[in-house]
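> predicted model, plus sequence, below.
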Amino acid sequence: MSSVLLFCAGCSSETLHEIDRSDLVGSWKASGGDSIRFLADREVRTNGFSDSDQESCGDGGVGYWSFYVAMDDRGESIRTSPEATEGDFVSVSLREGAEGECQVDLSVIDEGRSLCVADLDNVCASGERFTRQ
């Protein structure tokens, strides 16, 4: 499954930072208690995205992750790639549950030390940050 997104990277004061797969794999936690665990086999486990506007993401779950890659030279059109080994923008898709499928995009910021929930207009759509544990 591939997602395509037109992203406005210049619409926020945050700066995206590219990391490789080994820097992403592991546990990340937000100050509010939400957590994400990225596994090397592209599986992801979360206990929720309370700061996401996706209601179906609130309880978290199990799914998969992938980096986005640019489809054009200017990087204005991007898509997920299960083969990408590095990136500054991550897609998290949780399997369908009682509330439906959950899809959340995360920006890599703070020189790779933090992740934040992104949307079409903002590198970080909220103040919540996930940091590596």
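That came in fine, so what should we check first? Residues are numbered from 1 along each chain as shown.
> phi, psi of the residue nearest to Leu24 when sequence neighbours are not counted?
The shortest distance from Leu24 to any non-neighbouring residue, by Cβ to Cβ, 6 or more residues apart in numbering, is to Phe38 (5.1 Å). C-beta here means a position set from N, CA and C on the backbone, and glycine is covered the same way. The phi and psi torsions at Phe38 (degrees, to the nearest 10) take the values phi -90, psi 130.
> and Phe38, how far is that from Asp119?
Noted for Phe38: a distance of 20 Å to Asp119, by Cβ to Cβ, to the nearest Å.
> then Ala30?
For Ala30 relative to Asp119 (Cβ to Cβ), the value is 17 Å.
> so the residue most central in space within the chain bridges to which residues?
For the chain, the residue nearest the mean C-alpha position is Leu106 (2.5 Å; Cα atoms, centre = their mean). Per DSSP bridges, the residues bridged to Leu106 are Val90, Val117.
> swap in Lys29?
Ser35, Thr131.
> what comes up buried for stretch 82-94?
Within stretch 82-94, the residues that qualify as buried are Gly87, Asp88, Phe89, Val90, Ser91, Val92, Ser93, Leu94, counting by 16 or more other Cβ atoms under 10 Å.
> my guess is the first one contacts Ile19. True?
Yes. If you go by Cβ atoms under 8 Å, Gly87 and Ile19 touch, sitting 7.5 Å apart.
> spit out the residues that contact these two alike.
Val108 (Cβ atoms under 8 Å, 6 or more residues apart in numbering).
> verify the contact between Ser92 and Val104 for me.
That one is not Ser; residue 92 is Val. Yes. Using Cβ under 8 Å, Val92 is in contact with Val104, at 4.8 Å.
> for burial, what's the neighbour tally of the residue nearest to Leu24?
23 (other Cβ atoms under 10 Å).
> contacting residues for it?
Per Cβ under 8 Å, 6+ apart, neighbours of Phe38: Leu24, Val25, Gly26, Trp28, Val44, Trp65.
> what's the nearest residue to Arg21 if we skip its chain neighbours?
Thr85 (4.9 Å).
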